[in-house]
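Colleague: from the sequence below, what's the structure:
(chains A and B)
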Number of protein chains: 2
Amino acid sequence: MSKNLTSRAEDYSKWYNELVVKADLAENSAVRGCMVIKPYGYAIWEKMQAELDRMFKETGHQNAYFPLFVPKSLFEAEEKNAEGFAKECAVVTHYRLQNDPDNEGKLRVDPEAKLEEELVVRPTSEAIIWNTYKGWVQSYRDLPILINQWANVVRWEMRTRLFLRTAEFLWQEGHTAHATQKEAVQEAEQMNDIYAEFAENFMAIPVIKGLKTESERFAGAVETYCIEALMQDGKALQAGTSHFLGQNFAKAFDVKFTNNEGKLDHVWATSWGVSTRLMGALIMTHSDDKGLVLPPNLAPFQVVIVPIYKNDDQFNAISEKAEDIIKALKALGVSCKFDKRSTLRPGAKFAQHELQGVPLRIAIGPKDLENDTVELARRDTLTKSTVEISGLEDTIKDLLDKIQSELFNKALSFRDEHITKVDNFDDFKTILETKTGFVSAHWDGTAETEQKIKELTKATIRCIPENNKKEAGVCVFTGNPSKERVLFAKAY
Amino acid sequence: MSKNLTSRAEDYSKWYNELVVKADLAENSAVRGCMVIKPYGYAIWEKMQAELDRMFKETGHQNAYFPLFVPKSLFEAEEKNAEGFAKECAVVTHYRLQNDPDNEGKLRVDPEAKLEEELVVRPTSEAIIWNTYKGWVQSYRDLPILINQWANVVRWEMRTRLFLRTAEFLWQEGHTAHATQKEAVQEAEQMNDIYAEFAENFMAIPVIKGLKTESERFAGAVETYCIEALMQDGKALQAGTSHFLGQNFAKAFDVKFTNNEGKLDHVWATSWGVSTRLMGALIMTHSDDKGLVLPPNLAPFQVVIVPIYKNDDQFNAISEKAEDIIKALKALGVSCKFDKRSTLRPGAKFAQHELQGVPLRIAIGPKDLENDTVELARRDTLTKSTVEISGLEDTIKDLLDKIQSELFNKALSFRDEHITKVDNFDDFKTILETKTGFVSAHWDGTAETEQKIKELTKATIRCIPENNKKEAGVCVFTGNPSKERVLFAKAY
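Modeller: Residues are numbered from 1 along each chain as shown, chains lettered A, B, ... in the order given. I've put the predicted structure just below:
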């Protein structure tokens, strides 16, 4: 393992890519834009999945599974949605390969095996799911439908980056059906709240909840709720979205129900999702020049024990202590790994665990054996202390809680320091280029202005914050009247 | 919900299809051969996943994720594997749709967006994974690699049936890399043992462990281990396979390592998988003419409480009891649902829970309130009894254990009664047509004979059982010498 990462100050983007690969989170594959998620990275994703799944089920949702493929005729049924995704679809056109007669030992697509109708690899599943819901809904008694799916989706992005933008990614997509507009809106809001709670309390990532403008909305949505996070380089990252879809999909797929007054109406819909993109948010919120920094909630193992010894007797004595510690920690619900590899020196192990963000490291050497102590090192602060073994498990348990909340608070301070009120376009541009972060500015509410600002500065409106203060002003770009400030930023 | 299923005696295949749909397990989708797994069916699959995942991790495996797509040039690298799957591959040839100029509002494949190299939707992931492992392995210190993946795969089968054979299915696929042949063989055997343990102890499905013959082996494997189960209609079902792949994939993808003597060698491989096909095995092992019968380990909820009441007072009093029971059961790790829907009568609820295989049903009516009793009904035996509420949770806990083991024993008796020793070909054919099940017969060891028997009887060699008794004899078809009996059966 090569030792040092490029520093963030030197090249943030390079630092990110190196960290992802060197910390064994993911790597590029032989398939353009598709990644391999390595075991250590996948273990973090599994922690996210487990917690989200718990939260979804607690709020009455059930998991199900719908097909990977969407027949073209279904895909195009909801026009805005189709238009939004058509340009980045992987399309299956054939169902068989055959031996290539011109090329011994090679295969070619069998021209006889052309599909009558092309199949789109799902970029999102509204179409196939609403076509299915049509068969499930007749009366208000069949509603609500509260379903989530864990799945892979494919969007043929031209520029890809590990976790942040990949042609194939893993996600969950909730798709719910409701009898009333009010209930659907509440669902969309509830799920955005759940994403915010998950991001803040579990991932230690502060987020701003809000609404997307029309031009940033999900294709086919009436309203898109989102959570926006701020990365260390001052760029925003959309960490989750929840859409109120109105009756758009119900109309496209003719999903009607008899309401409790006996009248036919179209069903109301939501969809909501978060993806492996969250791994990118995690990395760029907490990590440093030494590598990954993991909130304890997300660490595949929260504590690692490294033995320092010169002979078998010392190793055996340390092992005994280590096993006791692991047992005591396990009883408190803390995961701990004993790194007893004989192929690596302690220094190399330290470097690896630092790079991989293990929250706490315990080192035990001969002196510790004599004194009944260990050396305890925090990954987030890179501080070390000598601690008595007696009561160690409680010390660690408390420390993990402390690390979790300190990581959040640190990110929150950074984020809050990087929301800047701006009242003229020169300041707007200067702040974006120098201080970076979110710019809170008045906007005249038109897509035209939004587009022009984007062209001039690369900044987009990340969201209109929830419970935004109404405040009369003039648009930072056109000088036209505005009712409230919105948040602009450059974004991932 | 329509009441009655076609009986098994009348039409087993129709019974199966009806049960899958009516018990809300799965349904066909708009995509040829692809299914929608409905929430109740998916919840059962999640129970299987959780247990298997636990067993894999306990034996040192980690999860990871590899791309959905396999570039054609990688796909064809291991020739036997490619040959085995080429005929049933979904192939992505384009990455964009565009508006169809001849057809307002419709889309067509953009002819400009043809991929330089076609992508195969993975039918199995050896190729993409071994191409990745090439970058991970240099020395024996990098081995073993013990990885599992939970994923969807696509095999363009011509005749499909819900769960049993679908174009897309969900599965896990383990892919391991080892320094020695011995270690790889042990891994393949270990995983087959784990599958057997899971099938028997968790799913209550008795299985026979064994080896496939050459013609039934996985394409690219040196040896295929399998577990074979027997369905109620006397047909066998391959419930899981574990392959020793030798150095075939390492050679195809040039994966070499320096062994501990400093010499270069190709890496040894295994792969192993079970799929949503297990849902079919589950249904066809335990269920009856009233619907699904679930072993308690696999039930989304193990107990359901149905209140029987004429007025609100009664309902409230029953609810109170129900909540107490649910709480007491939860403390014992038993899942229980209170079915308080006001839109259905008790009889309709009983029928639904029977159809969906809830292991135990509690009914509480006004008389039960007076007597501090409940009516307890077993789904597997369809027997009812009146039981005192005091101590009910322990009664239920014991009963669930009993149901789990009785279901296994019942299936085991059926299976054992349906293994018939046969010593001539007339008996062979008769048994297959009348008694059905496994036929234990001598075979001369040639693929030719195997093929002829298959053509004449539709029976295949399901496996050469593990620890098979060596016993000299003559082939039931050719009369040529044989060293042991093998198990034939018609199979799903």
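
Colleague: so who does residue A:466 touch?
Modeller: Counting by C-beta atoms under 8 Å, 6 or more residues apart in numbering or on different chains, residue A:466 touches A:208, A:209, A:210, A:211. (Each C-beta comes from the backbone N, C-alpha and C, glycine too.)

Colleague: which one of the residues you listed sits in the busiest neighbourhood?
Modeller: With neighbours taken as other C-beta atoms under 10 Å in any protein chain shown, the top of the contacts of residue A:466 is residue A:210, carrying 22 neighbours.

Colleague: excluding its backbone neighbours, what's nearest residue A:373?
Modeller: residue A:386 (5.1 Å; C-beta to C-beta, 6 or more residues apart in numbering or on different chains).

Colleague: packing partners for the helix or strand hosting that neighbour?
Modeller: Per DSSP states H and E, residue A:386 falls inside strand A:384-388. When contacts are defined as 3 or more C-beta pairs under 8 Å, 6 or more residues apart in numbering or on different chains; DSSP states H and E, strand A:384-388 packs onto strand A:373-378.

Colleague: the inter-axis angle of the strand it packs on versus strand A:384-388?
Modeller: Per axes from the mean of the first three to the mean of the last three C-alpha atoms, to 10 degrees, the angle that strand A:373-378 makes with strand A:384-388 is 140 degrees.

Colleague: so for strand A:373-378, mean pLDDT?
Modeller: For strand A:373-378, the mean pLDDT works out to 98.

Colleague: list the neighbouring strands of the strand holding residue A:386 plus their orientation.
Modeller: The pairing partners recorded for strand A:384-388 under DSSP bridges are strand A:373-378 (antiparallel).

Colleague: how far out from the middle of the chain is the strand it pairs with?
Modeller: Strand A:373-378 sits 32 Å away from the centroid of its parent chain (C-alpha atoms, centre = their mean, to the nearest Å).

Colleague: buried residues in that strand?
Modeller: Using 16 or more other C-beta atoms under 10 Å in any protein chain shown as the test for burial, strand A:373-378 gives A:373, A:374, A:375, A:376, A:377, A:378.

Colleague: reformat those residues as JSON lines; add distance to residue B:471.
Modeller: Output for the buried residues of strand A:373-378, formatted as JSON lines (distance: C-beta to C-beta, whole Å):
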{"residue": "A:373", "distance to residue B:471": "66"}
{"residue": "A:374", "distance to residue B:471": "62"}
{"residue": "A:375", "distance to residue B:471": "65"}
{"residue": "A:376", "distance to residue B:471": "65"}
{"residue": "A:377", "distance to residue B:471": "64"}
{"residue": "A:378", "distance to residue B:471": "67"}
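
Colleague: can you verify residue A:281 is assigned to a helix?
Modeller: Yes - judged by DSSP: H, G, I helix; E, B strand; the rest coil, residue A:281 forms part of a helix.

Colleague: what bridges to the closest residue to residue A:383 other than its chain neighbours?
Modeller: Leaving aside its sequence neighbours, residue A:383 sits nearest to residue A:377 (C-beta to C-beta, 6+ apart; 7.1 Å). In this entry, residue A:377 is beta-bridged to residue A:361, residue A:384, by DSSP bridges.

Colleague: quick one: contacts for residue A:377?
Modeller: Contacts of residue A:377 were listed using C-beta under 8 Å, 6+ apart, and they are A:360, A:361, A:362, A:363, A:383, A:384.

Colleague: OK, contacts around residue A:8?
Modeller: A:15, A:232, A:233, A:288, A:289.

Colleague: number of nearby residues for the fourth one?
Modeller: Neighbourhood size, residue A:288 [other C-beta under 10 Å]: 18.

Colleague: just give me the longest helix of chain A.
Modeller: helix A:392-417 (DSSP state H).

Colleague: give me the mean pLDDT for that helix.
Modeller: Helix A:392-417 comes out at a mean pLDDT of 98.

Colleague: again with stretch A:181-188
Modeller: Average pLDDT, stretch A:181-188: 98.

Colleague: and it, how far out from the chain middle?
Modeller: Distance of stretch A:181-188 from its chain centroid, counting by C-alpha atoms, centre = their mean, is 24 Å.

Colleague: what's it in contact with?
Modeller: Looking at what lies outside stretch A:181-188 - C-beta under 8 Å, 6+ apart - the contacts are A:144, A:146, A:176, A:178, A:223, A:225, A:242-246, A:268-270, A:272.

Colleague: please identify which pair of those residues lies farthest apart.
Modeller: A:146 and A:223 (18.9 Å; C-beta to C-beta).

Colleague: quick revisit: quick one: the strand holding residue A:386 to helix A:392-417, angle?
Modeller: 150 degrees.

Colleague: and the closest residue to residue A:388 other than its chain neighbours, what does it touch?
Modeller: Spatial nearest neighbour of residue A:388, chain neighbours left out: residue A:373 (5.6 Å); criterion: C-beta to C-beta, 6+ apart. The contact partners of residue A:373, taken as C-beta under 8 Å, 6+ apart, are A:367, A:386, A:387, A:388, A:389.
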